[in-house]
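Novice: Predicted coordinates and the sequence they were generated for:
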Amino acid sequence: MNAENAIEVNDLKKSFKVYMDKGSQLKERVLFKKRNRYENREVLKGISFEVKKGEAIGLIGHNGCGKSTTLKLLSKIIYPDSGTIEMKGRVSSLIELGAGFHPDMSGRENIYTNASIFGLSKKEIDARVEDIIEFSELEEFIDNPVRTYSSGMYMRLAFAVAINVDADILLVDEILAVGDAGFQTKCFNKMKEIKADGTTIVIVSHAMGQIEQICDRSIWIHEGEIKAEGKPREVDPQYLEYIASERKNVTKKHLDKGNSKKEQEEEKEKKEECDSDTKDKTRWGNNKARITALRMLDEKGCENNTFITGEECVLEIKYNAKKEVENAIVGIGIYTLDDMRVYGTNTRIDNLPTFFLNESGTIQFRIEELPLLSGNYYLDVAIEQDLNTPVDYWRKAVSFNVFSKKEEAGVSQIKHTWLIK
Amino acid sequence: MKVFKEVYEYREMVFSLVRKELRGRYKGSVLGFLWTFINPLLQLLVYTMVFSVIMRQGIEQYYLFLFVALVPWMFMSASMVGGASCVIAQKDMVKKIYFPREVLPLSYVISSFVNMLLTFIVVFAVLIVTGFGINPLAVLFLPLIMMVEFLVCVGIAFLASALTVYFRDLEHILSIVAMAWQFLTPIMYPQSMVQESLEKHALLWKVWNLNPMTPVINAYREILYFKRIPDFNNIGSAIVLGLIVCVIGVIVFRHLQKGFAEEF
């Protein structure tokens, strides 16, 4: 093993037997031989990489690509079919937080139990216990039984123990989603601090932003093989682009299947009497006119619910007016999943004249360059009359996904230039 | 060798599991930890009733003859039958985090061992109170023989717990095995009885002596019932057999544990 390296992985292969219906009892094994049929699923098809001491790497890839299996192999929970793993120093894995927590024991007692599972001796735990309590911010509650904790407090305590183990190699699986935003930032900073102290870190994550901030290198695992490897800045966008294109394929298939169903539903909806809508909290109005169909279109005019930041995007609204509607106004609102309004406008705000709705028609709302960043969003669409009379107000009418190729943070892209003197 | 170093590093985990096991055993019962003492006392009472009143035996003070052998046997039987499920019981942990898996059966055996030590307080109390008495010189050998029995139990528990992961029926089969094994070990009868009947079958006699629990139980009885220093040949074979069982257990476990996480 090279002296500079903390981890050397050589041609790692692993397959799992996926049993159709496994019998682990003698009777089942003998009587139902057929049940023992299994499928061999090759999860890792020979991957090799090295990690230098003090280096941080991020394993990326879509679900089921083998990145978590790699991490489990590194932490010795499972063993490879062939290939070797060599590691130098104490390994701590942040794969499962709060292992062995006992609800009836106090927070302090649980620190001891949990830390002992990481292989710490009593003396070592004694030396760390104050740091752990301080980090968890649970000073007031530390002698209460853990069952009285909220789930956030529970995770905070578990993370505080795991992060204070002082390992030479830290294996992390998607755990930075702990507690509130403030605590998350704290965890994140602690990770950086640990890295600065010279700990080798391997992270599995879907949060590219975090990987880019902590890791020196990304390894993209695809179908059990390493597809690309290099600086996160270079590898992550390739991966994201791939994911976005896959996503589009999937949603398209989904939409094709769903279309006929949707039409039926729409017809059914039309037949329904007006009063049934008023009970529905997501949709209300005086029903003189109804929105009959909503579609998101991409630049080619195809129906699509997934967009890449900067793409053109069109919302098409079809309506059907039962009675004439005078002084109509059409409005939209874009929201994030946690109900933050990103943008809202209507035809009046945009200084368009009010119009007259009769029979059916189509309205398009065009965004030339979608400024939203990665995430799920939904749209409210409304037809109003005069000033504040809702004709058909539809909350959460459409949802759509956005993928960003760049690693900007936040909700929206703000046009900018840098000037460095 | 690496195994021992690693398990030593995880000693705090072993202690915490032992504490949990001992504390959990009588949780919720009114008398709680006192049951550790009451239980063997009541057992002794039953044996005394049965064997001095109903089924009179040719052996003097038969209830003590039985009791000093039965207490160590119960440690063995608990390690085997109870130990079998100790890895499965912690499957959530085994699936998700790393620690040397040996910690699980080891801590189970230690908690059963502590239980036996506590029961021995009752044994000594009975020996003294009834006026049967003890030989302090012989009792000096007791810790040695307890350590030897501990080795046997570790070996058996390692084997049982690892095999049960792959073959769940073993949990049930083992309680029958424990019963048969109890009758094949001189617990309810003296060693001399078997020796007499196997006199003409030299081979059978050798096989019978391969039972690692036989020299252990004999030594306990010599120390506590016959109140004499145990036969050194006997202690020698106890140590050799104990080590063999222990080593086999550790090796088999080390080998089988690699697949634990995938079996659940």
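Specialist: Sure, I can see it. Numbering: from 1, shown residues only, chains lettered A, B, ... in the order given.
Novice: The residue of the stretch 51-200 of chain B found nearest chain A: what's its closest spatial neighbour, skipping adjacent residues?
Specialist: In the stretch 51-200 of chain B, the residue that lies nearest chain A is B:Lys96 (3.7 Å; CB to the nearest CB). Backbone N, C-alpha and C define where each C-beta goes, glycine included. Nearest non-adjacent residue to B:Lys96, counting by CB to CB, 6 or more residues apart in numbering or on different chains: A:Glu96, 3.7 Å away.
Novice: A:Lys72 now?
Specialist: A:Ile78 (5.1 Å).
Novice: Mind checking what secondary structure that neighbour has?
Specialist: coil (DSSP: H, G, I helix; E, B strand; the rest coil).
Novice: quick one: it from B:Phe260, how far?
Specialist: 9 Å (CB to CB, to the nearest Å).
Novice: Which residue of these two possesses the greater neighbour count?
Specialist: B:Phe260 (24 against 17; other CB atoms under 10 Å in any protein chain shown).
Novice: Please identify the helix or strand for the more buried one.
Specialist: Following DSSP states H and E, one finds B:Phe260 within helix B:260-263.
Novice: does that helix come close to chain A?
Specialist: Yes: shown here: helix B:260-263 in contact with chain A (CB under 8 Å from any CB of the partner chain) through B:Ala261, B:Glu262, B:Glu263.
Novice: Dump those residues to TSV, plus neighbour count.
Specialist: TSV is the format used below for those (neighbours: other CB atoms under 10 Å in any protein chain shown):
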residue	neighbour count
B:Ala261	19
B:Glu262	14
B:Glu263	16
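Novice: quick one: which of these is nearest to chain A?
Specialist: Of the residues of helix B:260-263 next to chain A, the one sitting nearest to chain A (CB to the nearest CB) turns out to be B:Ala261, at 4.9 Å.
Novice: tell me the contacts of the closest one?
Specialist: Residues near B:Ala261 by CB atoms under 8 Å, 6 or more residues apart in numbering or on different chains: A:Lys72, A:Ile77, A:Ile78, B:Val94, B:Lys95.
Novice: Please repeat the previous calculation with a cut-off of 7 Å.
Specialist: By CB atoms under 7 Å, 6 or more residues apart in numbering or on different chains, the contact set of B:Ala261 is A:Ile77, A:Ile78, B:Val94, B:Lys95.
Novice: if I pick the residue nearest to A:Lys72, what's in contact with it?
Specialist: Listed by CB under 7 Å, 6+ apart, the contact partners of A:Ile78 are A:Lys72, B:Ala261, B:Glu262.
Novice: mind redoing it with 10 Å?
Specialist: Counting by CB atoms under 10 Å, 6 or more residues apart in numbering or on different chains, A:Ile78 makes contact with A:Lys14, A:Phe16, A:Thr69, A:Lys72, B:Lys95, B:Tyr98, B:Lys258, B:Gly259, B:Phe260, B:Ala261, B:Glu262.
Novice: farthest pair in those?
Specialist: A:Phe16 and B:Tyr98 (18.5 Å; CB to CB).
Novice: More neighbours: these two, which one.
Specialist: Using other CB under 10 Å as the criterion, A:Phe16 and B:Tyr98 rank with B:Tyr98 on top: 23 against 16.
Novice: contacting residues for the more buried one?
Specialist: Taking CB under 10 Å, 6+ apart, one finds A:72, A:74-78, A:91-93, A:95-96, A:117-119, A:171, B:261 in contact with B:Tyr98.
Novice: confidence score at residue 28?
Specialist: Since no chain was named, I'll use chain A. At A:Glu28, the pLDDT value in this model is 64.
Novice: that answer is for a different chain, and I need it for chain B
Specialist: For B:Gly28, pLDDT reads 69.
Novice: And for the one 10 residues further on?
Specialist: In this model, B:Ile38 is scored at 85, pLDDT.
Novice: Also A:Glu42?
Specialist: 86.
Novice: Angles on the backbone of it, please.
Specialist: phi -80, psi 110 (degrees, to the nearest 10).
Novice: Burial check on B:Gly58, number of neighbours?
Specialist: B:Gly58 is flanked by 6 other residues according to other CB under 10 Å.
Novice: So A:Gln213 versus chain B, what's the distance?
Specialist: 26 Å (CB to the nearest CB, to the nearest Å).
Novice: so how many other residues sit close to that residue?
Specialist: 15.
Novice: B:Lys20 now?
Specialist: Quick note: B:Lys20 (other CB under 10 Å) scores 16 neighbours.
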